[in-house]
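[1] Next one to model:
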Amino acid sequence: MRMIRACDACGLISPANGFNAGFAGVINMKAFNWSNPYPSTRIPVFARNVVSTSHPLAAQAGLQMLLKGGNAIDAAIAGAATITIVEPVSCGIGGDAFAIVWDGTRLHGLNSSGTAPASWNVDYFERKYGTGTDGLAKRPLRGWDTVTVPGVVAGWAALHEKFGKLPFETLFEPAIEIANRGFIVPPVVAEKWARAVPELKDQPGFADMFMPQGRAPAIGELFRAPHMAKTLQRIAASRGRDFYEGDLAEQIAAAAKAGGGAITLDDLRGFAPEWVTPISKDYQGYTLHEIPPNGQGIAALIALGLVERFGLRDMPVDSVQSQHIQIEAMKLAFSDVYRYVADPRRMEVTPEQMLDDAYLDSRARLIQPDRVLEPQAGRPAAGGTIYLTAADEDGNMISFIQSNYMGFGSGVVVPNTGISLQNRGVGFSMDRKSANVVQGGQRPFHTIIPGFLTQNGQPVMSFGVMGGDMQPQGHLQTVVRMLDYDQQPQAACCAPRWKVNRDYTLDLEAGMNPDTVNGLRDLGHRFHASQDTYMDFGAGQFIWRMSADNPDAGYVAASDPRRDGQAVGF
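    The predicted structure follows:
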């Protein structure tokens, strides 16, 4: 085990000091204001090896891998496996995943979101559920007919094959132990668990798995998941293949058939994650990177491209003017994203067209400083979720996100396995004219997005903000706070947020300055108290690299106080 050193040659780390290889001091990549003007129980964590997740046990699982000599990718996989147990209200073994990895040289993107069962199309849903008053096929929000092929397990395996250092089986040891021995349910998880029960209690397998005493576990109660332990053991031993072509795959397919679902063994066997090149946008001397469609990360890039035309640095950080510009930019970004983003094989415009400077100029001109707009999609020129991040002293960094969506996802749990399945099929359109129309073998529009920030080709920050449509909005708001207003990561994470809803009304988080709230109302913004008890205002994890030149400078990490999690390091 590596020893933790309190001082290396008594060198000082300060943005005011220049770097001299033979003397104290390094150059900080950014001169943050290290105060935190917002109420919070969290402080930034400084270390050379760090893991930040939304649950302490998952963070500690990742830290164990780093202490064993593993790297950041090993830590992320261990944390991700553990969090399927300790935060089942957000993710499961049957979810989807995305990642952005810095391997010491360059960025890699992984899209491990699942595809629709081969038999799915609009006719399939019309036959089973009829049509609505809009003339489109109806579809459920929960149950087997929302489940696409799960991608999480294949994502873990792909990440390990390309970047892993420790044996694959080793990464699952903490999760398996916790599943067998149980864990004490913390406050936020308990609250979201209880709220999900009335809607999901009758879904196949849900009560057997998640209501061990006929109800959700209360705060402080012990929850065990021995079936999940056995499933994770099979995944570990087979490097994930059992989930797609072995006994676990057969159990998933059999449960789907018994429950009226469409997923078959062929659907599972045919799935493979995809390595992709992240898309990006420059902003304030940095570059923000996101996974390309079918995800919504491009919304954050569009919004940043719009707000950079307004000089936010000249506006106070929590002022009406600054927040108004960001909100209007986010509305315009969403109007394009909801219109165009789909499986990239079917999109009618490319991400490059959506991010074209001339197009963004034309869109930015729609934003007025003294009134709100009713956004509509433009026409570019032709041409429930957990997030975690880890970084190590060798320079590896990973931005990783996995989800079941809408909390517990479909609500379906495969008997005797603990595999709770996502409901990402809800992301498809039933409009036959849409590029995102439901179709077998296609990926749906996806909400989960990891983020990554670089400067001059070097890594700066791995980060993400989980929470459905809140995710690109969280990326925008936190990045603006850090880059325009020099707020340190924990302060940017703790600051009150706004959320643009699908109907372009606003939710405002408690704690926002009343003068700002009144000013936004006076400009014509419409407020709406969201009924979404799970997504709320998102939850972020951030790791910022302190120096481009000196690895001993390490990182600063932040964890969102809106969840039970923490950042840990050594």
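[2] gap between the longest strand along the chain and the chain center?
    When every strand of the chain is counted residue by residue (DSSP state E), the longest turns out to be strand 458-466. For strand 458-466, the separation from the chain centroid amounts to 11 Å (computed by CA atoms, centre = their mean, to the nearest Å).
[3] Parallel or antiparallel, which strands does it pair with?
    strand 451-455 (antiparallel), strand 539-545 (antiparallel) (DSSP bridges).
[4] helices or strands up against the helix or strand that it is followed by?
    Per DSSP states H and E, the first helix or strand lying C-terminal to strand 458-466 is helix 470-483. The helices and strands touching helix 470-483, judged by 3 or more CB pairs under 8 Å, 6 or more residues apart in numbering; DSSP states H and E, are strand 286-290, helix 297-307, helix 320-340, strand 451-455, strand 458-466, helix 489-494, strand 498-500, strand 539-545. Glycine gets a C-beta too; all of them are placed from N, C-alpha and C.
[5] Tell me if I am right that Asp318 is in a helix.
    No - according to DSSP: H, G, I helix; E, B strand; the rest coil, the state of Asp318 is coil, so it is not within a helix.
[6] Around the nearest residue to it once chain neighbours are set aside, how many other residues sit close by?
    Using CB to CB, 6 or more residues apart in numbering and skipping the chain neighbours, the partner closest in space to Asp318 is Asn513 (5.4 Å). Per other CB atoms under 10 Å, the neighbour tally for Asn513 reads 13.
[7] Make sure Asn513 is actually in contact with Ser322.
    No - with contact defined as CB atoms under 8 Å, Asn513 does not count as touching Ser322 (11.4 Å).
[8] tell me the most buried of the strands paired with strand 458-466?
    For the strands paired with strand 458-466, the largest average neighbour count (mean count of other CB atoms under 10 Å) is found in strand 539-545, namely a mean of 29.
[9] Compute the inter-axis angle for that strand and helix 470-483.
    Strand 539-545 runs at 40 degrees relative to helix 470-483, counting by axes from the mean of the first three to the mean of the last three CA atoms, to 10 degrees.
[10] Restrict strand 539-545 to CA atoms and write it as CSV.
    The C-alpha trace of strand 539-545 is given here as CSV (Å, rounded to 0.1, in the frame of the first residue of the first chain):
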residue,chain,number,x,y,z
ALA,A,539,-26.3,16.2,-8.4
GLY,A,540,-22.8,16.7,-9.6
GLN,A,541,-19.3,15.3,-9.0
PHE,A,542,-16.2,17.2,-10.0
ILE,A,543,-12.5,16.6,-10.2
TRP,A,544,-10.2,19.5,-11.2
ARG,A,545,-6.6,18.9,-12.0
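[11] Can I get the helix or strand that comes right after that strand as CSV, trimmed to CA atoms?
    Scanning forward in sequence from strand 539-545 by DSSP H and E, the next helix or strand is strand 555-559. C-alpha atoms of strand 555-559 as CSV (Å, rounded to 0.1, in the frame of the first residue of the first chain):
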residue,chain,number,x,y,z
TYR,A,555,-6.6,17.4,-7.9
VAL,A,556,-9.4,19.1,-6.1
ALA,A,557,-12.7,17.2,-5.9
ALA,A,558,-16.2,18.2,-5.1
SER,A,559,-19.4,16.2,-4.3
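[12] what helices or strands is strand 555-559 leaning on?
    strand 45-47, strand 50-53, strand 385-391, helix 489-494, strand 539-545, strand 566-569.
[13] ok and that strand relative to strand 385-391, angle-wise?
    Going by the same axes, to 10 degrees, strand 555-559 makes 160 degrees with strand 385-391.
[14] before we move on, back to that, the strands paired with strand 458-466: which one's closest to Gly259?
    Smallest distance to Gly259 across these (CB to CB): 31.6 Å, for strand 539-545.
[15] Which residues outside that closest one are in contact with it?
    Under the contact criterion CB atoms under 8 Å, 6 or more residues apart in numbering, strand 539-545 has outside partners 29-30, 50, 52-54, 387-391, 397, 459-467, 474, 478, 489-490, 492-493, 553, 555-560, 562-563, 565, 567.
[16] that older thread, most tightly surrounded among the helices and strands packed on helix 470-483?
    Greatest burial across the helices and strands packed on helix 470-483, using mean count of other CB under 10 Å, falls to strand 539-545, with a mean of 29.
[17] Measure how far that one is from the centre of its chain, please.
    Chain-centre distance of strand 539-545: 12 Å, with CA atoms, centre = their mean.
[18] do stretch 394-414 as well
    Distance, centroid of stretch 394-414 to centroid of chain: 7 Å (CA atoms, centre = their mean).
[19] Would you mark the buried spots in whichever strand or helix holds Ala237?
    Using DSSP H and E, the element containing Ala237 is helix 226-238. When burial is assessed from 16 or more other CB atoms under 10 Å, helix 226-238 yields the following buried residues: 227-236, 238.
[20] Out of the residues you listed, the closest to Glu173 would be?
    Scanning the buried residues of helix 226-238 for proximity to Glu173, where the rule is CB to CB, the winner is Ala236, at 8.3 Å.
[21] quick one: average confidence on stretch 214-225?
    Confidence for stretch 214-225, expressed as mean pLDDT, is 97.
[22] Dump the helices and strands packed on strand 555-559 to a markdown table, plus mean pLDDT.
    Listed next are the helices and strands packed on strand 555-559 as a markdown table, based on pLDDT from 0 to 100:
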| stretch | mean pLDDT |
| --- | --- |
| strand 45-47 | 96 |
| strand 50-53 | 96 |
| strand 385-391 | 90 |
| helix 489-494 | 96 |
| strand 539-545 | 95 |
| strand 566-569 | 94 |
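[23] Relative to Val152, which of these is closest?
    Of all the helices and strands packed on strand 555-559, it is strand 385-391 that lies closest to Val152, at 10.5 Å by CB to CB.
[24] which helices and strands does the closest one pack with?
    Under the contact criterion of 3+ CB pairs under 8 Å, 6+ apart, strand 385-391 touches strand 50-53, helix 56-67, helix 72-86, strand 397-403, strand 458-466, strand 539-545, strand 555-559.
[25] Out of the ones you listed, which gets nearest to Gln284?
    strand 458-466 (11.6 Å).
[26] picking up where we left off before, other residues contacting the next helix-or-strand element following the helix holding Ala237?
    On the C-terminal side of helix 226-238, the closest following helix or strand by DSSP H and E is helix 241-245. If you take CB under 8 Å, 6+ apart as the criterion, helix 241-245 is touched by 93, 150, 153-154, 157, 234-235, 248-249, 252, 265, 268-269, 271.
[27] Quick check: which ranges of the stretch 301-450 of the chain have low pLDDT?
    382-384 (pLDDT under 70).
[28] Equivalent analysis for the stretch 451-570 of the chain, please.
    Applying pLDDT under 70 to the stretch 451-570 of the chain flags residues 529-535.
[29] can you list the helices and strands packed on strand 555-559 in a markdown table and add distance to Leu288?
    Listed next are the helices and strands packed on strand 555-559 as a markdown table, based on distance: least, CB to CB, whole Å:
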| stretch | distance to Leu288 |
| --- | --- |
| strand 45-47 | 23 |
| strand 50-53 | 19 |
| strand 385-391 | 15 |
| helix 489-494 | 14 |
| strand 539-545 | 13 |
| strand 566-569 | 21 |
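[30] what's the closest of these to Asp208?
    strand 385-391 (23.0 Å).
[31] got the angle between that closest one and strand 397-403?
    Angle, strand 385-391 to strand 397-403, by the same axes, to 10 degrees: 170 degrees.
[32] Can you give the distance from strand 385-391 to the centre of its chain?
    That offset, for strand 385-391, works out to 8 Å (CA atoms, centre = their mean).
[33] Most tightly packed of the helices and strands packed on strand 385-391?
    strand 50-53 (a mean of 33).
[34] Quick check: can you name the pairing partners of it and their directions?
    Counting by DSSP bridges, the strands paired with strand 50-53 are strand 385-391 (antiparallel), strand 566-569 (antiparallel).
[35] Right, I'll leave it there.
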